[in-house]
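Peer 1: okay, sequence plus prediction incoming.
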Amino acid sequence: MADYKNFTVETDADGIALVTWNMPDRSMNVFTEEVMQELDQIIDRVAGEAGIKGAVFTSGKDSFSGGADLTMLQKMLGQFHATKAKDHEKATRALFDNAGRMSWLWRKLETCGKPWVSAINGTCMGGAFELSLACHGRVAVEDDSVKLALPEVKVGIFPGAGGTQRVPRLANTQEALQMLTSGQNLSPKKAKAMGLIHEVAPRRKLIDAAKKMIKDGLKPVQPWDEKGFKLPGGPVYSAAGANLWPAAIAILRRETYGNYPAATAILKCVYEGLLVPFETGLRIEQRYFTEIMQSKEAAAMIRSLFVSMQELNKGARRPKDVPAKKLKKVGVLGAGFMGAGIAYVTAKAGIQVVLVDRDQEAADRGKAHSANLMDGLIKKGRATAAEKEKLLSLITATPDYSALEGADLVIEAVFEDSAVKKEVTEKAEAVLKPSSIFASNTSTIPITALAKNSKRPKNFIGIHFFSPVDKMMLVEIIMGKKTGEKALALAMDYVRAIKKTPIVVNDTRGFYVNRCVLRYMQEAYSMLIEGVPAPMIENAAKMAGMPVGPLALTDETAIDLAQKIMKQTIRDLGEKAVDPRHMALIDTMVDKHGRHGRKNGKGFYEYPAKPAKKFLWPGLKDLYRQQDPDRIDVEELKARFLYVIALEAARVMEEGIVTDPREADVGSILAFGFAPYTGGVLSLIDGVGAAEFVKRAERLQKKYGKQFKPPRLLLEMAEKGETFYTRFAPAGSGEMKKAA
Ligand code: NAD
């Protein structure tokens, strides 16, 4: 069957064509130009061949499809921006036509006169789910691990191939809006309950079930093309609609603060689309899609959250000439809060773990953490008892260092104390083979200093996790002065195996992430001291796009820990290294009021017994004279949060701590949720433009202090009209260095 490169078409004795999508050169099916062309031909063939009664569409891979290849979209946008100066109308027209290409092809499929059934055998995302929705029948494999979703909104765009029109014509409007604006994953069961698919079937019966629908006389007409079609959620202008829409708009505003134009566009598409016939609805969707694709949010989010993230996950920063290694055995020293989490994610990747603590009891406690996490998954139906047993069988909890023998990598997560770290490094190295790599999870001690405890500093590296380890997707890999390429390569192979995203950071106090996070928290301390009411501080941060307010974040990490770090910084760097007003605030919170954060139920927030929600500690307003909230510029508060973090990131780039803008951007979003619509810390600056950013930062510096002083690097970039992505063009990222 060499008719197509990416598909096979086999017609059975009943005249049902089985169209199987199986791209030869990819591990996952995605829509490319070639795939679209071949599909177009196949639709014509099914429609035109008299011997074909109908078609079943499925995938030959484990998953169904990941949707569109977003790099294709990026190229399309690149073309638009390159040609728009010459003839804006023509460029926009071309973009509009391209934007509707998939949508009208799916429309052609559903109106071709023959029935189509999508047999969804695995995870089905974006355009592929939209293709399925255009099929007259949909059967998915009965397996909770299979995900069905329209996740486009997560990268700043929206389902533009009929998703916003078909979903609310199949499901009730409220559930449709929830699904479209959140990009949430649906299990086949949930999708069926919503009305998005017709059947679920066991894997081995999937194709038969799909064919049976056709044999049973499935009509090649969609409900919305039938006379008398009624919307499942009722018309927009109805009592139900009057209840739903004002609330829907308010909820979206509460969730996004208007920062995500794509989410707003989804609401518009659904609202306007449900007022008109289906094809007009498709055209409305196509118009909004064309508009949203041109937004700077879409460009920034696609770049950071899709393209860059994928590149980093594939090991863009891994030394190329060191062969990849599959890790078999990893040692974890310290079975405390972090060590227990590291053991879990490592075993989850199928790697054997030796979890060492001071005594058997402590080591066992660490292993019990894995059992608890697996129990949680089992309860939610996301894991089986057998998977739990298998995972636990991979973890050996012991106080005995000799069990580390043969480990490829050891990660230490013992107390943050140089002497303890020295002791465990020496004990481990005594049994390790000379080629194995030793990593520290320290948050504050320079790797270069810790490497002095090692007999082989070339093999010594930092692997810095964030808590909770099982949830946080970012890992900082810290290079000490003497760390070698092999250590870096192995650390990368490890992070890839546990399916997290690595960024490579050179050694410095606070590394990268914590330096930025500290700035965020410190700016909130300054605001408190200025008398900005605490609720305004927290709300302004969220309005700026941060997921957690800075005071809530300080509570999570503990105020007494902040106090410890500040005191250590003063000891190491002198009095001037810490703002004395901040020190006084934190001392007051901890020493005078005993407020240590969430862990003792008393921090910047009060933590009443559940189900009551936390609320800001009323005593905060007595600490400083409060300003009149009506006289405070909220926009300025928002800018202060974003700018103070972005400026720290720019300093980190200037110092050569992070060298690749992709890592700074992706790291900022994954580690502390930096306003994702900006594309990350450096994309924020690039988006504003260095010159304008410097101007605004200098204005803030005059009013609020030296934390807003733009580094020399930014002044230079402003003068030369550079962006981070041109000046620090990452190799192989498709960005071009500007000609000198
Ligand atoms: P923790 O106190 O919960 O755990 C430390 C564990 O080390 C304890 O179980 C302790 O018994 C064990 N230990 C102490 N001395 C030992 C020895 N000689 N041999 C074997 N085990 C020994 O601390 P944690 O929060 O898990 O932090 C561990 C490390 O991770 C620290 O370096 C910390 O800076 C770093 N870190 C912590 C976080 C965080 O959020 N807590 C985040 C990133 C990194």
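Peer 2: Ah, there it is. Since the model is a prediction, treat every value here as computed from it, not as a measurement. Numbers count the residues shown, from 1 in each chain.

Peer 1: for the residue of the chain found nearest the ligand, what are phi and psi?
Peer 2: Closest to the ligand within the chain is residue 336: 1.8 Å, counting by C-beta to the nearest ligand atom. C-beta coordinates here come from the backbone N, C-alpha and C atoms, glycine included. Dihedral angles phi and psi of residue 336 (degrees, to the nearest 10) take the values phi -80, psi -150.

Peer 1: what is the neighbour count of it?
Peer 2: When neighbours are defined as other C-beta atoms under 10 Å, residue 336 has 15 of them.

Peer 1: and it, what does it touch?
Peer 2: Residues near residue 336 by C-beta atoms under 8 Å, 6 or more residues apart in numbering: 357, 362, 366, 413, 414, 415.

Peer 1: distance check, the first one against residue 528.
Peer 2: Note on residue 357: its distance to residue 528, by C-beta to C-beta, to the nearest Å, is 39 Å.

Peer 1: over to the fourth one?
Peer 2: Taking C-beta to C-beta as the measure, residue 413 falls 33 Å from residue 528.

Peer 1: and those two? which has more neighbours close in?
Peer 2: Between residue 413 and residue 528, counted using other C-beta under 10 Å, residue 413 has the larger neighbour count: 28 against 23.

Peer 1: the stretch 1-150 of the chain: strands as residue ranges?
Peer 2: 7-11, 16-21, 30-31, 54-59, 67-68, 116-120, 124-125, 137-141, 148-149 (DSSP state E, counting those that start in this stretch).

Peer 1: tell me which parts of the stretch 401-550 of the chain are close to the ligand?
Peer 2: 413, 414, 415, 416, 420, 423, 424, 441, 442, 443, 465, 467 (C-beta under 6 Å from any ligand atom).

Peer 1: farthest-apart pair in those, please.
Peer 2: 423 and 467 (23.9 Å; C-beta to C-beta).

Peer 1: tell me the domain ranges of the chain?
Peer 2: 7-294, 329-509, 514-727 (automatic domain parsing).

Peer 1: how far off centre is the shortest one?
Peer 2: Pointing back at domain 329-509 there. The chain centre lies 23 Å from the centre of domain 329-509; the measure is C-alpha atoms, centre = their mean, to the nearest Å.

Peer 1: and it, what's its mean pLDDT?
Peer 2: Taken as a whole, domain 329-509 has an average pLDDT of 96.

Peer 1: which parts of this structure sit against the ligand?
Peer 2: So the chain meets the ligand at 333-339, 356-358, 362, 413-416, 420, 423-424, 441-443, 465, 467 (C-beta under 6 Å from any ligand atom).

Peer 1: just the ones of those in helices?
Peer 2: Within those, residues falling in helices by DSSP state H are 337, 338, 339, 362, 420, 423, 424.

Peer 1: CSV for those residues, including neighbour count?
Peer 2: Shown next, in CSV, are these (neighbours: other C-beta atoms under 10 Å):
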residue, neighbour count
337, 13
338, 23
339, 26
362, 18
420, 15
423, 13
424, 22
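
Peer 1: could you work out the most separated pair of these?
Peer 2: 337 and 423 (19.6 Å).

Peer 1: in stretch 621-628, what counts as buried?
Peer 2: 623, 624 (16 or more other C-beta atoms under 10 Å).

Peer 1: go on, stretch 23-36?
Peer 2: Neighbour-count burial for stretch 23-36 flags 23, 28, 29, 30, 31, 32, 35, 36 (criterion: 16+ other C-beta under 10 Å).

Peer 1: can you give me phi and psi for the second one?
Peer 2: By that I understand residue 28. phi -130, psi 140.

Peer 1: ok, and the closest non-adjacent residue to it?
Peer 2: residue 66 (4.8 Å; C-beta to C-beta, 6 or more residues apart in numbering).

Peer 1: now the first one
Peer 2: For residue 23, the nearest residue in space outside its immediate sequence neighbours is residue 6; the separation is 4.8 Å by C-beta to C-beta, 6+ apart.

Peer 1: repeat for the fifth one
Peer 2: On the basis of C-beta to C-beta, 6+ apart, the spatially nearest residue to residue 31 that is not a chain neighbour turns out to be residue 68, at 4.5 Å.

Peer 1: tell me who's in contact with residue 508.
Peer 2: Residue 508 neighbours (C-beta under 8 Å, 6+ apart): 446, 515, 652, 655, 657.

Peer 1: so how far is the helix or strand where the third one lies from its chain's centroid?
Peer 2: Assessed by DSSP states H and E, residue 652 sits inside helix 634-654. Distance of helix 634-654 from the chain centroid (C-alpha atoms, centre = their mean) equals 21 Å.
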